[in-house]
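Visitor: Next input, structure requested:
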Amino acid sequence: METFQPARTTIGFIGIGKMGTPMSRNLRRGDYTVIGYDSDPAALERVRPEGVQAAASMADLAQRCDVIITMLPNSDIVDRVVNGEGGLADNMAAGKLLIDMSSSYPRRTAVLGEELSRRNIHMLGAPVSGGVVGAEAATLAIMPGGPSDVVEAAMPIFEILGGNIVHIGEEVESGHAMKCVNNFLSATNLLSSMEAVAFAAKMGLDPEKVLAVVNSGSGRNSATADKWPRLLLKRDFNTGFAAGLMHKDLTMASDLAREVGATMFLLNHVRQVYGLVVSRNGADSDQALMLEMIEEWVGQTVGQPPGTDPKKAR
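Guide: Residues are numbered from 1 along each chain as shown. Next comes the predicted model:
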């Protein structure tokens with residue numbers, strides 16, 4: 001299969017949100033022709049100055065593009081975009097490629113891949129990790145699942161978007177299964193770090209010193225190494241990832257575990273805690289606001305906004 005090289009490949013990008021905005025911009029900067037589509041016209045206006053063209057409809061986008069990337073909230077929306085009236089499946093020509101970079105449910109990705117294959121349309125499930133920061137810096141971890149030749153053909157696209165690309169398996173759903181595992185660990189790291197740092201502060205320990213020790217020892221994880229020093233110690237609750245999306249991802253992992261017969265006690269506990277965050281703050285609230293709930297349980301506030309006088313804060 002011929003590789004999708006810059007300057008001679010047109011990419012359609014559906015879902016110009018927090019992740020899709022910087023990703024579509026990076027593809028354009030990488031010399032791909034990029035055509036965007038989003039249900040919110042304002043989203044397309046944000047990327048127009050970078051040279052991202054706006055499609056009149058999904059059908060228009062499908063007919064003009066060699067490769068289409070979806071970055072959408074869930075499998076329901078992906079399925080509507082692909083199989084709905086005026087959707088991609090009825091308008092993509094044989095031999096074209098759909099790359100679903102959403103956090104989709106693996107079983108549904110497998111079904112979608114089979115449906116498109118019957119139309120001679122290629123598909124990869126290639127979710128990402130790294131959040132908005134990684135999307136902006138083009139350092140995303142990308143975990144494509146699907147046939148090796150198709151992954152190799154899409155590699156120039158992946159290399160513009162990310163810094164660590166691991167072909168997970170030949171099955172189109174394997175990347176989305178990997179994303180379930182990754183986000184389970186990500187959510188668990190964040191939750192456990194919040195409880196640990198609040199617990200340490202409750203005992204009178206300096207959170208900055210606690211993190212210095214943890215990050216040079218065996219307790220280090222992505223939350224202690226990045227989210228705490230960059231955001232949480234300053235009481236900045238803007239990780240760029242909604243609590244509702246993480247709860248959705250944890251629910252997918254829990255459902256998948258049940259399907260394969262795996263008992264996952266910790267996964268289901270973390271999912272329940274995120275469910276509490278959603279019921280308390282709303283699905284669109286940032287996951288970092290979970291810290292306020294943990295602080296109430298522990299009975300200790302951690303960190304101070306920039307410019308706060310430590311003496312007055314005490």
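Visitor: And the strands in the stretch 51-200 of the chain?
Guide: Ranges of strands in the stretch 51-200 of the chain, per DSSP state E, counting those that start in this stretch, are 53-54, 67-70, 97-100, 122-125, 128-129, 140-142, 162-165.
Visitor: The third one pairs with which strands?
Guide: Strand 97-100 pairs in its sheet with strand 67-70 (parallel), strand 122-125 (parallel), by DSSP bridges.
Visitor: Which residues does the first one contact?
Guide: If I follow you right, that is strand 67-70. Contacts of strand 67-70 with the rest of the structure, by Cβ atoms under 8 Å, 6 or more residues apart in numbering, involve 4, 9-15, 23, 61-62, 78, 81-82, 88, 92, 96-102, 154, 157. Quick note: C-beta positions are derived from backbone N, CA and C, even for glycine.
Visitor: quick one: which of these sit in helices?
Guide: Counting by DSSP state H, the members of those that fall within helices are Met23, Leu61, Ala62, Val78, Val81, Val82, Ala154, Ile157.
Visitor: Could you dump these into TSV with pLDDT added?
Guide: As requested, the ones in helices among the contacts of strand 67-70 are arranged in TSV below (pLDDT from 0 to 100):
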residue	pLDDT
Met23	98
Leu61	97
Ala62	97
Val78	98
Val81	97
Val82	97
Ala154	98
Ile157	98
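Visitor: hang on, the earlier thing: could the strands of the stretch 51-200 of the chain go into JSON lines alongside mean pLDDT and mean neighbour count?
Guide: Below are the strands of the stretch 51-200 of the chain laid out as JSON lines (pLDDT from 0 to 100; neighbours: other Cβ atoms under 10 Å):
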{"stretch": "strand 53-54", "mean pLDDT": "97", "mean neighbour count": "17"}
{"stretch": "strand 67-70", "mean pLDDT": "98", "mean neighbour count": "24"}
{"stretch": "strand 97-100", "mean pLDDT": "98", "mean neighbour count": "27"}
{"stretch": "strand 122-125", "mean pLDDT": "98", "mean neighbour count": "27"}
{"stretch": "strand 128-129", "mean pLDDT": "96", "mean neighbour count": "22"}
{"stretch": "strand 140-142", "mean pLDDT": "98", "mean neighbour count": "23"}
{"stretch": "strand 162-165", "mean pLDDT": "95", "mean neighbour count": "18"}
